[in-house]
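**Q** predicted model and sequence below, questions to follow.
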Amino acid sequence: MSQRDHLPESDQHLGAGDPETKQTSLKKGSLGLLGIVFFVVAAAAPLAGLTGAFPVAIGVGDGAGAAGMYVAVGIVLLLFSVGYATMSQYVTNTGAFFAYVGRGLGIVPGVGSAFASLVAYITVMWAILGFISGQMKFQFAAKFGLDLPWWVYSFVIIALIFVLSATSVNIGAKLLGILLSIEIIALLIVGIATLINGGPEGINVGASFSLGSIFEGGFTGGAGIAFAFALASFIGFEATAIYGEESKDPKKTVPRATYISVIAITVLFAIVGLGLVTSLGATDIANKVFELTAIDGVPLSDPSAVLFNASTTYVGAWMTELFGWIILTSLFAGGLAMQNSAARYFFAMGRAGVLPKALDRTNKAQAPWIATILVSLLALAITIIFILFNLDPIVHMFFWFGAVSVLAIVLTEILV
């Protein structure tokens with residue numbers, strides 16, 4: 001098999017390339033169904049979504065209808081997944097969108113979608129890096145009196161993610177499985193405990209899931225804002241196809257992993273989202289969120305207060321204490337998943353001749369070695385830039401790059 005076999009049909013004129021060897025191919029059959037699901041759900045980082053995006057969707061979006069909006073977005077993405085999964089039956093390529101768009105629309109749109117995907121995954125990784133660095137600085141200072149600059153934690157996280165990305169993809173999948181299981185169990189405990197208790201007003205399903213509540217304010221207003229934050233919380237679900245070359249029986253595994261991932265994320269957000277709405281009461285919930293999340297009079301400064309308030313009230317202070325650490329493991333898992341996705345895109349583009357050929361090199365574990373180094377160096381570079389300009393890792397790094405990533409991935413999904 002040569003490199004040209006990995007190109008979309010419209011890319012064949014780029015050249016045949018060298019014959020594929022163990023040093024230029026990913027390890028086939030190393031990931032099963034659950035392994036891919038772990039990578040994809042970890043990339044979505046549900047805890048980060050429920051402590052960051054969801055409270056904002058309530059406050060400046062459509063209020064109690066935010067929980068329903070997450071379900072609506074999940075349904076839309078499930079419909080998208082039907083066509084997406086069908087394409088995986090015909091094309092198995094770690095470049096995913098690059099191959100799909102290139103096969104359907106031609107080389108120029110294909111390469112464009114590849115770069116858009118790279119921008120999305122890299123900026124999400126940078127956003128996560130900023131968030132976890134800021135959180136670690138706060139957590140370690142509060143718990144251990146260790147007041148280190150945020151960038152020290154950033155360098156440590158970059159190094160750890162690099163080491164795991166450079167090993168067998170199966171090792172990363174197993175670690176993500178453990179971290180993700182802890183995260184999901186903790187979230188479900190809070191969501192279910194709150195629903196059992198009923199909160200101050202009882203469970204109001206209609207306030208969250210009726211069409212009027214979901215689309216309150218219209219797409220030019222609150223509903224549109226909630227839609228954007230909900231969509232951002234699903235980023236990463238499309239990464240199932242990225243692991244096709246490394247999966248067992250990709251023509252079956254990739255479609256199944258796609259459906260399972262979207263459904264799992266949607267159900268989780270529905271249960272915990274309704275639980276968080278119930279914990280405050282649906283009536284005038286936006287103002288309740290503003291009041292609860294305000295720091296020095298600035299609303300939404302601490303959106304995690306919504307989940308932590310529910311966990312303290314309906315489960316116990318110990319759960320909130322635990323969440324302070326679980327959010328770090330959730331962000332780390334998301335960063336690892338995004339690093340893997342970005343590295344595999346660089347690998348696919350190097351193999352196709354769109355980027356320097358050296359990017360298609362793999363190591364003894366058949367991980368995309370050079371591409372992984374490049375992604376890590378880019379993360380180091382952006383951290384150094386933020387240090388030099390004295391920019392905040394959360395206010396600037398997280399929010400800036402988070403917004404860019406949403407635009408990039410939406411553009412790519414439209415092309416697909």
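**A** Looks like it came in fine. Numbering: from 1, shown residues only.

**Q** ranges for the strands of the stretch 301-416 of the chain?
**A** Under the criterion DSSP state E, counting those that start in this stretch, the stretch 301-416 of the chain contains no strands.

**Q** my bad, should have said the stretch 51-200 of the chain
**A** Under DSSP E, counting those that start in this stretch, the stretch 51-200 of the chain gives no strands.

**Q** and the helices in the stretch 201-350 of the chain, which stretches?
**A** Taking DSSP state H, counting those that start in this stretch as the test, the helices found in the stretch 201-350 of the chain are 205-209, 211-214, 222-232, 250-280, 285-293, 305-314, 317-352.

**Q** need those helices in CSV with distance to Gly74 and mean neighbour count, can you?
**A** Any C-beta I mention is one placed from the backbone N, CA and C, and that applies to glycine too. Output for those, formatted as CSV (distance: least, Cβ to Cβ, whole Å; neighbours: other Cβ atoms under 10 Å):
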stretch, distance to Gly74, mean neighbour count
helix 205-209, 12, 19
helix 211-214, 12, 16
helix 222-232, 8, 23
helix 250-280, 3, 23
helix 285-293, 21, 19
helix 305-314, 19, 22
helix 317-352, 18, 24
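
**Q** of the ones you listed, which approaches Phe39 most closely?
**A** Among the helices of the stretch 201-350 of the chain, helix 317-352 comes nearest to Phe39, with 5.0 Å by Cβ to Cβ.

**Q** got the angle for that closest one vs helix 305-314?
**A** Counting by axes from the mean of the first three to the mean of the last three Cα atoms, to 10 degrees, helix 317-352 lies at 140 degrees to helix 305-314.

**Q** pLDDT on helix 317-352, on average?
**A** What helix 317-352 shows for mean pLDDT is 94.

**Q** of all the helices of the stretch 201-350 of the chain, which one comes closest to Val71?
**A** When the helices of the stretch 201-350 of the chain are compared by Cβ to Cβ, helix 250-280 sits nearest Val71, at 5.1 Å.

**Q** quick one: distance of that closest one to the chain centre.
**A** Mean C-alpha position of helix 250-280 versus that of the full chain (Cα atoms, centre = their mean, to the nearest Å) differs by 13 Å.

**Q** what about the stretch 1-150 of the chain, any weak spots by pLDDT?
**A** In the prediction, the stretch 1-150 of the chain carries residues with pLDDT under 70 at positions 1-24.

**Q** ok so, going back, which one of the helices of the stretch 201-350 of the chain lies nearest to Leu118?
**A** So among the helices of the stretch 201-350 of the chain, helix 317-352 is nearest, using Cβ to Cβ, at 5.1 Å.

**Q** what is the distance between that closest one and the centre of its chain?
**A** Taking the mean of its C-alpha atoms, helix 317-352 sits 7 Å from the chain's own mean (Cα atoms, centre = their mean).

**Q** by contact count, what packs against that helix?
**A** In terms of contacts (3 or more Cβ pairs under 8 Å, 6 or more residues apart in numbering; DSSP states H and E), helix 317-352 is packed against helix 33-44, helix 46-48, helix 97-105, helix 107-144, helix 150-165, helix 169-197, helix 305-314, helix 369-388.

**Q** state the mean pLDDT of the last one.
**A** When the per-residue pLDDT values of helix 369-388 are averaged, the result is 98.

**Q** quick one: residues in contact with that helix.
**A** Identification of contacts with helix 369-388 by Cβ atoms under 8 Å, 6 or more residues apart in numbering yields 122, 125-126, 129-130, 151, 154-155, 158, 161-162, 165-166, 339, 342-347, 350, 358-363, 393, 396-397.

**Q** turn the helices and strands packed on helix 317-352 into CSV, including distance to Ile214.
**A** Putting the helices and strands packed on helix 317-352 into CSV (distance: least, Cβ to Cβ, whole Å) gives the following:
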stretch, distance to Ile214
helix 33-44, 20
helix 46-48, 20
helix 97-105, 29
helix 107-144, 26
helix 150-165, 36
helix 169-197, 19
helix 305-314, 19
helix 369-388, 36
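
**Q** between the ones you listed, which one is closest to Phe234.
**A** Nearest of the helices and strands packed on helix 317-352 to Phe234, taken as Cβ to Cβ: helix 33-44 at 5.8 Å.

**Q** and that closest one with helix 222-232, angle?
**A** Going by the same axes, to 10 degrees, helix 33-44 is angled at 130 degrees with respect to helix 222-232.

**Q** for helix 33-44, name the packing helices and strands.
**A** Contacts defined by 3+ Cβ pairs under 8 Å, 6+ apart place helix 33-44 against helix 169-197, helix 250-280, helix 317-352.

**Q** repeat the analysis, applying 10 Å as the threshold.
**A** Contacts defined by 3 or more Cβ pairs under 10 Å, 6 or more residues apart in numbering; DSSP states H and E place helix 33-44 against helix 107-144, helix 169-197, helix 250-280, helix 317-352.

**Q** so which of these is nearest Gly35?
**A** Closest to Gly35 of the helices and strands packed on helix 33-44 is helix 169-197 (Cβ to Cβ; 3.6 Å).

**Q** how about that closest one: buried residues?
**A** For helix 169-197, burial by neighbour count (16 or more other Cβ atoms under 10 Å) applies to 169-170, 172-173, 175-177, 179-180, 182-184, 186-187, 189-191, 193-195, 197.

**Q** and what of stretch 408-415?
**A** Ala408, Ile409, Thr412, Glu413, Leu415.

**Q** returning to that earlier point: selection in ChimeraX covering whichever of the contacts of helix 369-388 are buried, please.
**A** ChimeraX command restricting the contacts of helix 369-388 to the buried ones, with burial defined by 16+ other Cβ under 10 Å:
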select :122,125,126,129,130,151,154,158,161,162,165,166,339,342,343,344,345,346,347,350,359,360,361,362,393,397
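
**Q** one step back: please flag which of the buried residues of stretch 408-415 sit within helices.
**A** Mapping these onto helices (DSSP state H) picks out Ala408, Ile409, Thr412, Glu413, Leu415.

**Q** format those residues as TSV; extra columns: pLDDT.
**A** Shown next, in TSV, are these (pLDDT from 0 to 100):
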residue	pLDDT
Ala408	89
Ile409	81
Thr412	78
Glu413	72
Leu415	72
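
**Q** want to throw the residues you listed into a markdown table with distance to Ala85?
**A** Converted to a markdown table, these look like this (distance: Cβ to Cβ, whole Å):
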| residue | distance to Ala85 |
| --- | --- |
| Ala408 | 22 |
| Ile409 | 18 |
| Thr412 | 16 |
| Glu413 | 14 |
| Leu415 | 17 |
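
**Q** tell me the spacing between Val71 and Glu413.
**A** Look at Val71 and Glu413: by Cβ to Cβ, to the nearest Å, they are 19 Å apart.
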